[in-house]
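**Q** A predicted structure for the sequence below; I have some questions about it.
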Amino acid sequence: MNKPRTLIIGLEGSTFDILRPLIRAGCLPNLSQLMSQGVYGSLDSWPNINSASSWSSVVTGYNPGQHGIFSISDASIQKGTAWHFMTASERKKDPFWRLLSESGQYVGIINVPISYPADCIHGFMLAGVDAPSVHSRGFAHPPDLLDELRGQGIDYIIDVPTVGVVSHRETHQCPVQVQRMVDAQACTILHLMKTRPWDVLMAVFTASEKVQHFFYPDHHGSVDNSDWKPIRQLYEQIDDFLGKALGLINDHTTILIISNHGFGPAHSSPNFLNPLFSQLGFLSYRHDQIHFKERWLKKLLFYSRRFVPLNLQKPLAMVFPKLYQSALQERLYSNVDWSKSRVFAPPYGRKIYINLQGRQPKGSVSPKDYDSLCEQVRQILFNLTDPSTGKPLVRGVYRYEDLYHGPYRDRDADLFIRWDDDVRYDSVCYMDERKPIIVPNPKPKGVRKWITGWNRPNGIFIATGEGIKRKSHVTGAHIYDIFPTIFYLQNLPVPSDTDGKVLTDIFTEERLQQHPVKQS
């Protein structure tokens, strides 16, 4: 009897809004073939639409309240908080590769975010972008894996931190550095597929998210237009890899193509919340002179980002987390008077924090006022409109307990905003009891001013293989469902306490009858 194998390819931030036009134009023949031979549909990630929490949910099957990873850092950037970059060491639930390895299966893991340090699994592993560098101790398992790759002429690249900087110079082509990274990662995957035993192999291309942030095209234009070229080049390169990978597998291999969240045009970046809260009396700014230390910290961050090589910035930030946090705090909240501020929003405007006494370093809100303040802010958000059209801007506002469960559910923000991503706006209107308050969206600075695309909840799911339906559309899939579905594909009992479910709708009745879902 042939053992089942599962090949999982992650395309970070990928969306059918990009794939469908490229497929219709004949640019992605291998992805087109996979969709026509199997099932496909949206993969919901809400509320986990940042890379750290979403990939952690993909590989564990749990919501962040259970696995403990909410973002790339462990706290809001506020003076006095204990802050550092998150790695797999902080994850509270085991990823599927540990459990499969313990069951005797060979597992290969390549470039999955939040996987550093690499686990000593039954197989091989190269950690993700949470690693300080490819030279960091614990990046590879076995430790000599990078030496093996170099012996094959592969100079493995973990990340390209310069995409935002070069995007305004190379406006109509995929940056050469990104193409080199994708090529190195593709060659690595193909080499290990050919030379190492594996039952389950998962590899993630993070380049798709990076390029989409700065080169997201005009949906209404032709894919032959120049603004589509960077995206088209990238996905053609990935599609070429897929064609080579398909030539290395047998009929007993299931292929999953997934993304951790979706993407869309950055019509607007809702960074107006703190100015609005200031006008409404929820956030207060100091008017005294900025002290020398604060000016020094702001200049330190500015000049380090300008003159320190980009490939050294993250390692230095990880070596000096307190200094980096202090400098970042001064840049984001330099004039905030925390003693008089009750509410604040971090960048990108999807979360709201209450400045709670006993939790925040300079909390000003009494616990007895917490619930009423949350509801007050919630109602304000629901009343935000586009001043030019009158259209509401917010689809939903949620408390953390509405979205998460588990022992770590209160480690994230207090309120979560689901914006109407289809509404374009340059300013926001709030109608108070006396008159409308109109707040313009602040112009982004630095690299952010070149952002053209941003994260959205609906990613991609494509599956093909033995026992998978053909030419079928699947609905209701969530990133929590990938973990249990992998176990089912490998004919293993599915852990019963995960937040996800086996995606039984993608399988034929014959497959489900021969291999009913079993739980452990």
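**A** Perfect, thanks for sending it.
**Q** Going by C-alpha atoms from here, please, whenever you check contacts or count neighbours.
**A** OK.
**Q** now the chain, which segments are flagged as low pLDDT?
**A** Applying pLDDT under 70 to the chain flags the ranges 1, 73-84, 162, 164-169, 267-269, 288-334, 443-449.
**Q** where's H219 relative to A184, distance?
**A** H219 sits 30 Å away from A184, going by Cα to Cα, to the nearest Å.
**Q** Show me how this structure divides into domains.
**A** For the chain, automatic domain parsing gives the domain ranges 5-76+84-265+454-475+484-499, 273-284+338-449, 288-334.
**Q** Can you say which of these is packed in most?
**A** domain 5-76+84-265+454-475+484-499 (a mean of 20; mean count of other Cα atoms under 10 Å).
**Q** That one spans what distance, first to last residue?
**A** Domain 5-76+84-265+454-475+484-499: ends 24 Å apart by Cα to Cα.
**Q** try stretch 213-224
**A** Start-to-end, stretch 213-224 (Cα to Cα) is 20 Å.
**Q** What are the contacting residues of that stretch?
**A** 17, 21-22, 25, 163-164, 167, 171, 227-232, 264-265, 450-454 (Cα atoms under 8 Å, 6 or more residues apart in numbering).
**Q** Just confirm F70 contacts D412, I think it does.
**A** Yes: using Cα atoms under 8 Å, F70 is in contact with D412, at 6.4 Å.
**Q** can you pull the contacts of M431?
**A** 383-384, 437.
**Q** out of those, who's nearest H135?
**A** Of all the contacts of M431, L384 has the smallest distance to H135: 48.2 Å, by Cα to Cα.
**Q** Now the closest one: closest residue in space, sequence neighbours ignored.
**A** Nearest residue to L384, sequence neighbours excluded (Cα to Cα, 6 or more residues apart in numbering): Y430, at 5.0 Å.
**Q** what distance separates the helix or strand hosting that neighbour from the centre of its chain?
**A** For Y430, the host element (DSSP states H and E) is strand 427-431. Put simply, strand 427-431 sits 29 Å off its chain's centre (Cα atoms, centre = their mean, to the nearest Å).
**Q** That strand: partners in the sheet, and parallel or antiparallel?
**A** With DSSP bridges as the test, strand 427-431 is paired with strand 384-385 (antiparallel), strand 436-440 (antiparallel).
**Q** can you tell which of those is closest to L146?
**A** Ranking the strands paired with strand 427-431 by proximity to L146 (Cα to Cα) places strand 436-440 first, at 50.0 Å.
**Q** Parallel or antiparallel, which strands does the strand or helix carrying G41 pair with?
**A** Assessed by DSSP H and E, G41 sits inside strand 39-44. Sheet pairing for strand 39-44, assigned by DSSP bridges, gives strand 458-464 (antiparallel), strand 472-473 (parallel), strand 477-478 (parallel).
**Q** how deep is S520 tucked in, by neighbour count?
**A** 8 (other Cα atoms under 10 Å).
**Q** Distance-wise, check it relative to P495.
**A** Per Cα to Cα, S520 is found 5 Å from P495.
**Q** what about stretch 215-230, start to end distance?
**A** 7 Å.
**Q** How far away from the center of its chain is that stretch?
**A** 23 Å.
**Q** Kindly report the same for stretch 261-280.
**A** 18 Å.
**Q** Using CSV, write down the CA coordinates of that stretch.
**A** Taking Å, rounded to 0.1, in the frame of the first residue of the first chain, the C-alpha atoms of stretch 261-280 are listed here in CSV:
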residue,chain,number,x,y,z
HIS,A,261,-4.8,35.9,4.5
GLY,A,262,-5.9,37.8,1.5
PHE,A,263,-5.0,41.1,0.0
GLY,A,264,-6.5,44.1,-1.7
PRO,A,265,-5.8,47.7,-2.8
ALA,A,266,-4.8,50.1,0.0
HIS,A,267,-7.6,52.6,-0.9
SER,A,268,-7.1,54.2,2.5
SER,A,269,-5.0,53.7,5.5
PRO,A,270,-7.2,54.4,8.5
ASN,A,271,-4.6,56.3,10.6
PHE,A,272,-7.0,59.1,11.5
LEU,A,273,-8.2,57.4,14.7
ASN,A,274,-5.8,59.0,17.2
PRO,A,275,-6.5,62.5,15.8
LEU,A,276,-10.2,61.8,16.0
PHE,A,277,-9.9,60.5,19.6
SER,A,278,-7.9,63.6,20.4
GLN,A,279,-10.7,65.9,19.1
LEU,A,280,-13.3,63.8,21.1
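**Q** circling back: among the contacts of stretch 213-224, name the ones in helices.
**A** 17, 21-22, 163-164, 167, 229-232 (DSSP state H).
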